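Visitor: Whatever this is, show me its structure:
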Amino acid sequence: MEITISGDFIKLDAFLKLTGEVESGGQAKLLCQNGEVSVNGERCLQRGRKLHRGDTVTLFAKTFTVA
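Guide: Below you'll find the predicted structure:
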């Protein structure tokens with residue numbers, strides 16, 4: 001699923017909230033710390049990681065693309 005952003009980048013925790021898969025930044029932080037989030041196929045532990053167009057994020061067996 002493609003998620004469109006308006007700026008040049010978006011932070012991972014904000015992106016996860018934008019997808020609707022998490023309700024808060026705190027929930028996003030826990031998922032990242034527990035290794036449940038992958039960015040471009042690699043586990044990502046940094047909730048503040050900057051995402052750019054074309055990056056993919058996988059959570060709960062769903063993959064989202066930054067558009």
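Visitor: All the helices of this structure, residue numbers only.
Guide: Secondary structure of the chain (DSSP state H): helices located at 12-19, 25-33.
Visitor: Buried deepest among the ones you listed, which one?
Guide: Comparing the helices of the chain by mean neighbour count (mean count of other C-beta atoms under 10 Å), helix 12-19 comes out on top with a mean of 20. C-beta here means a position set from N, CA and C on the backbone, and glycine is covered the same way.
Visitor: What is the burial count for the nearest residue to Leu31 once chain neighbours are set aside?
Guide: Distances taken as C-beta to C-beta, 6 or more residues apart in numbering put Val37 closest to Leu31, at 5.4 Å, once the chain neighbours are dropped. Using other C-beta atoms under 10 Å, Val37 has 25 other residues around it.
Visitor: and Val37, how far is that from Ala67?
Guide: From Val37 over to Ala67 the distance is 18 Å, taken as C-beta to C-beta, to the nearest Å.
Visitor: Show the contacting residues for the residue nearest to Leu31.
Guide: Val37 makes contact with 12, 16, 28, 31, 43-44, 57-59 under the criterion C-beta atoms under 8 Å, 6 or more residues apart in numbering.
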